Each structure stands twice: as C-alpha cells, then as structure tokens.
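Asker: sequence first, predicted model second:
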Amino acid sequence: MARYTGPKTKIARKFGEAIYGEDKSFEKRNYPPGQHGNNRRRGKKSEYAIQLAEKQKAKYTYGILEKQFRNLFKKSTAAPGITGQVLLQLCESRLDNVVYRMGIAPSRPAARQLVSHRHITVNGAKVNIPSYQLNAGDVVAVREKSKSLETIQNSLANSSNVYEWITWNTETKQGTFVSVPQRLQIPENINEQFIVELYSK
C-alpha cells in the first residue's frame with residue numbers, strides 16, 4: 001500500500017502548521033526547515049507556488065498520494081456543488097478519516113493501519129480499504145475481536161473531539177456517519193480554491 005513514510009515534522013514545518021497533530025518537535029522549531037531556518041530570506045511566492053503548496057498540504061493532511069488525489073478532484077468536478085468543497089467532503093468521507101474523527105485511532109496513519117488490518121467494519125461487514133467512501137447513514141464499528149486492543153482503548157480514552165456529522169457510542173464502540181460535512185464543519189485549514197485553480201490550468 002503506497003503511502004508517505006518520510007519525516008513528518010519536516011513537512012509540518014514546511015507548511016507552518018502541525019498538520020499531523022500534536023508534535024513536540026514542531027512546537028520547538030515552528031519555522032521552515034533548511035540550513036538557515038528563520039534567517040533565510042525568501043522572495044515573494046508565485047501564484048503557482050502558493051497553489052501547489054496548498055495542494056501538497058491537503059495531500060499530506062489526508063495521507064493521499066497524487067494519483068488518488070487527482071482522481072478525487074475529477075470526481076468532485078463531475079459532482080454537483082462547489083468543486084473545492086466537494087473535494088474536501090470526499091476526503092472527509094474516506095473510511096480512514098472517519099475512523100480518525102471518531103477517535104478510534106489517534107492519527108490518520110494509525111486509522112489507515114486499523115482499517116487495513118481488518119479491525120473495522122462498515123454496516124456489519126469487514127472493510128480493509130482505507131479510501132472506502134462512506135455514505136450518509138453508514139455504521140462504522142470496531143470489530144468484536146478487536147474491541148480489547150490497547151491502541152483503540154487508549155485512543156478512545158484520550159479523544160475529546162465532537163463532530164456534528166458523526167455520532168459515536170463508547171459502550172458499543174460503533175458510530176454513524178450521519179451526513180457529509182459542510183465546509184464550516186471541516187476544521188482543516190486548507191484553501192480549496194487554490195487547489196481548484198491549480199488543477200484547472
């Protein structure tokens with residue numbers, strides 16, 4: 001399964017945001033990577049550079065490689081609605097992202113691993129495809145045999161996020177993907193319009 005496995009703090013520093021969640025190393029050095037760090041003089045970024053950076057930020061945030069991301073963009077252009085918003089909604093509707101949002105996993109990479117190792121079910125059936133697109137009303141649950149996993153229990157114990165478009169039952173360890181989130185309900189700091197402009201060139 002192809003995925004980014006390089007240094008995460010370096011990527012977070014590049015964008016000036018802790019896009020992978022809490023990161024002590026990022027907090028210590030929250031300036032761009034490179035030999036001269038903060039002292040490096042950077043010229044004004046071109047329009048293309050800004051658009052490209054925004055696309056890369058979205059890809060790294062959701063853990064999606066270029067080919068998949070481009071396919072999602074094609075899907076969003078064909079769908080009704082504002083292309084950029086639909087693109088983010090498709091990213092948010094991925095099974096690995098919803099597992100992360102529900103608090104079953106502490107990060108998206110961890111969520112991806114849980115899904116790949118068949119610890120998660122959708123509507124009662126085991127699904128091991130992280131990019132699986134959920135529909136409104138789908139029930140996501142931890143597989144019966146996996147409910148005692150220490151990583152899942154720790155993640156749920158430390159999770160405090162609440163999203164209007166997701167419900168979660170701690171006792172049964174299952175939740176419902178109530179609806180596709182609206183743009184205001186997506187907390188990620190991504191300017192989707194830049195991504196649309198980049199792909200539309």
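Answerer: In hand now; what should we look at?
Asker: distance from stretch 182-197 to the middle of the chain?
Answerer: With C-alpha atoms, centre = their mean, to the nearest Å as the basis, the distance from the averaged C-alpha position of stretch 182-197 to the chain average is 12 Å.
Asker: for the record, mean pLDDT for that stretch?
Answerer: With pLDDT averaged residue by residue, stretch 182-197 scores 95.
Asker: now do the same end-to-end measure for that stretch.
Answerer: For stretch 182-197, the first and last residues are 21 Å from each other (C-alpha to C-alpha, to the nearest Å).
Asker: kindly report the same for stretch 171-186.
Answerer: For stretch 171-186, the first and last residues are 26 Å from each other (C-alpha to C-alpha).
Asker: and for stretch 141-152?
Answerer: 12 Å.
Asker: so which bits of that stretch are buried?
Answerer: Neighbour counts over stretch 141-152 (16 or more other C-beta atoms under 10 Å) mark A141, V142, R143, S146, L149, I152 as buried. Any C-beta I mention is one placed from the backbone N, CA and C, and that applies to glycine too.
Asker: could you list which of these belong to helices?
Answerer: Using DSSP state H, the subset of the buried residues of stretch 141-152 located in helices is I152.
Asker: pull the most distant pair out of the buried residues of stretch 141-152.
Answerer: By the measure C-beta to C-beta, A141 and L149 form the most distant pair in the buried residues of stretch 141-152, at 13.3 Å.
Asker: for this protein, what spans make up the helices?
Answerer: Applying DSSP H to the chain gives helices spanning 8-15, 24-28, 47-62, 66-78, 83-92, 95-101, 108-116, 150-158, 192-199.
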